[in-house]
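# let me see the structure of the following:
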Amino acid sequence: MAKLIHTMVRVRDLDASLTFYREVLDMSPAHTLDFPDFALVYLRNAESDAEIELTWNKGRQEPYTHGDGYGHVAVVVDDVTAHHAKLVRAGYQPLDVKEFKDGDTLLARFFFIQDPDGYKIEILERHGHYR
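Numbers count the residues shown, from 1 in each chain. Predicted coordinates for the structure are as follows:
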């Protein structure tokens with residue numbers, strides 16, 4: 001059986017990314033590997049053992065391309081509206097909260113936000129399938 005342990009994204013400004021993931025997703029470094037040319041920083045929080053690995057290639061100036069295959073990383077929170085408002089107050093620019101329904105049945109309440117390198121993150125309310 002396979003267990004998801006991490007997903008990796010490449011970042012240009014490690015400090016900006018660490019601040020973003022701490023403030024937006026309450027994730028902090030659980031493990032760091034620092035080499036002369038690059039560093040790997042594994043972020044997690046108390047909600048899950050799964051991590052986001054930030055790969056920082058030291059000295060890189062040009063933005064990374066995401067291609068046409070990358071979609072997003074998704075996380076859940078207890079109250080999407082409150083989390084959205086907190087991020088707006090902190091100066092972030094999340095997209096509007098939306099609802100996904102099947103007729104009158106709520107399937108999901110969510111919004112998207114982008115990290116400093118433009119990676120999309122979907123923040124869903126803990127509900128139904130999304131636990």
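
# domain parsing for this structure?
Listed by automatic domain parsing, the domain ranges of the chain are 1-60, 71-131.

# now the ones you listed in CSV, with mean pLDDT?
Shown next, in CSV, are the domains of the chain (pLDDT from 0 to 100):
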stretch, mean pLDDT
domain 1-60, 96
domain 71-131, 96
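
# redo those as TSV? Include mean neighbour count.
Using the backbone N, CA and C atoms, a C-beta is placed for each residue, glycine as well. Compiled in TSV, these are given as follows (neighbours: other C-beta atoms under 10 Å):
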stretch	mean neighbour count
domain 1-60	14
domain 71-131	14
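
# what's the offset of stretch 109-127 from the middle of its chain?
Centroid separation between stretch 109-127 and its chain, computed with C-alpha atoms, centre = their mean, to the nearest Å, is 7 Å.

# what does stretch 23-42 give?
Computed by C-alpha atoms, centre = their mean, the separation of stretch 23-42 from the middle of its chain amounts to 14 Å.

# list of residues touching it?
With contacts defined as C-beta atoms under 8 Å, 6 or more residues apart in numbering, stretch 23-42 is touched by 6, 14, 18, 21-22, 43-45, 47, 51-59, 75, 87, 90, 92, 113, 115, 121.

# apply 7 Å and report the result again.
Outside of stretch 23-42, the residues that reach it under the criterion C-beta atoms under 7 Å, 6 or more residues apart in numbering are 6, 14, 21-22, 43-45, 51-58, 75, 87, 90, 92, 113.

# which residues in this protein form strands?
Using DSSP state E, the strands found in the chain span residues 6-11, 28-34, 38-45, 48-57, 73-77, 98-102, 105-114, 120-125.

# quick one: contacts for the nearest residue to residue 96 once chain neighbours are set aside?
By the measure of C-beta to C-beta, 6 or more residues apart in numbering, the closest residue to residue 96 outside its immediate chain neighbours is residue 111, 6.4 Å from it. Applying C-beta under 7 Å, 6+ apart, one finds that residue 111 lies in contact with 80, 84, 94-98, 123.
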